[in-house]
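Give me the fold of what follows.
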Amino acid sequence: MRRVLVEAAWSYRFPARKTRIIEQRAEKTSPTVQAIAWEAQKRLCGRYRRLSATGKAKQQVTTAVARELAGFLWAIACEAMGKPHGSRATA
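Numbering: from 1, shown residues only. Below you'll find the model as predicted:
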């Protein structure tokens with residue numbers, strides 16, 4: 001699981017954007033899950049940029065982003081199960 005999170009975190013080097021393919025995939029999910037995912041995308045891309053700008057090592061930045069990504073995944077899983085998750089992102 002840790003390796004998957006870290007590998008996924010490398011993709012946050014690039015700016016947040018909604019491509020046509022991503023929007024088509026998102027249509028299959030609830031509006032709340034879409035909102036959480038978009039907030040995660042914006043926050044994690046910005047966090048990667050800010051931490052990189054401070055001169056942190058790329059591996060350290062990626063690990064920090066992966067840790068925060070785990071929290072967003074938890075919020076999405078809780079939303080899918082109908083449990084409270086504490087995320088401020090709403091539809």
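
Sketch out the low-pLDDT regions of the protein for me.
86-91 (pLDDT under 70).

nearest spatial neighbour of the residue nearest the centre of it, skipping sequence neighbours?
Nearest to the mean C-alpha position of the chain, by C-alpha atoms, centre = their mean, lies Ala40 at 3.6 Å. Sequence neighbours aside, Phe72 is the residue nearest to Ala40 in space, at 3.8 Å (criterion: C-beta to C-beta, 6 or more residues apart in numbering). C-beta here means a position set from N, CA and C on the backbone, and glycine is covered the same way.

For the one you found, give me phi and psi.
With angles defined as degrees, to the nearest 10, Phe72 sits at phi -70, psi -40.

For Val6, see how far away it is.
Phe72 sits at a distance of 15 Å from Val6 (criterion: C-beta to C-beta, to the nearest Å).

For burial, what's the neighbour tally of Tyr12?
Per other C-beta atoms under 10 Å, the neighbour tally for Tyr12 reads 23.

For it, give me its contacts.
Residues in contact with Tyr12 (C-beta atoms under 8 Å, 6 or more residues apart in numbering) are Leu44, Cys45, Arg47, Tyr48, Val65, Leu69.
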